[in-house]
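# with the input below, show me the fold.
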Amino acid sequence: MVEKVDFCGTDAAQVIYRDGAGIVREKVLYRADEDNLKVVEAAMPWSFDADGDLLRLASEAYRIRLAHIFDPVVALGESYRLQEAKKHQKRTRTRAKKKN
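Take a look at the predicted model:
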């Protein structure tokens, strides 16, 4: 991406640009270099055409990974959900569902 162009007379120009990695570079171009240049359509370095479900999955995984920062006992809550429910827990859940 061209950042700045300073003309040095009629036969040369100093071009300051960013390469694909975002590093600022500069180069002096002469009239003879004109044939080697091409116009490239400007494009954003990102796009919004990714799979939405995959984005949600990655976001949720990252949220769980960082959960301990906000709730230090989150690991206990996760381990309880992974265990099989006891008989009295199943009865309580069944009663709660019937009331709703």
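
# helix, strand or coil for V28?
Secondary structure, DSSP: H, G, I helix; E, B strand; the rest coil: V28 is strand.

# now do the contacts for it.
8, 12-15 (CB atoms under 8 Å, 6 or more residues apart in numbering). No exception for glycine: its C-beta is placed from N, CA and C like everyone else's.

# need these in JSON lines with pLDDT, secondary structure and neighbour count, can you?
Formatted as JSON lines, the contacts of V28 follow (pLDDT from 0 to 100; DSSP: H, G, I helix; E, B strand; the rest coil; neighbours: other CB atoms under 10 Å):
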{"residue": "C8", "pLDDT": "91", "secondary structure": "coil", "neighbour count": "11"}
{"residue": "A12", "pLDDT": "94", "secondary structure": "strand", "neighbour count": "14"}
{"residue": "A13", "pLDDT": "94", "secondary structure": "strand", "neighbour count": "16"}
{"residue": "Q14", "pLDDT": "94", "secondary structure": "strand", "neighbour count": "13"}
{"residue": "V15", "pLDDT": "94", "secondary structure": "strand", "neighbour count": "16"}
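
# distance between the ends of stretch 6-19?
For stretch 6-19, the first-to-last residue distance is 18 Å (CA to CA, to the nearest Å).
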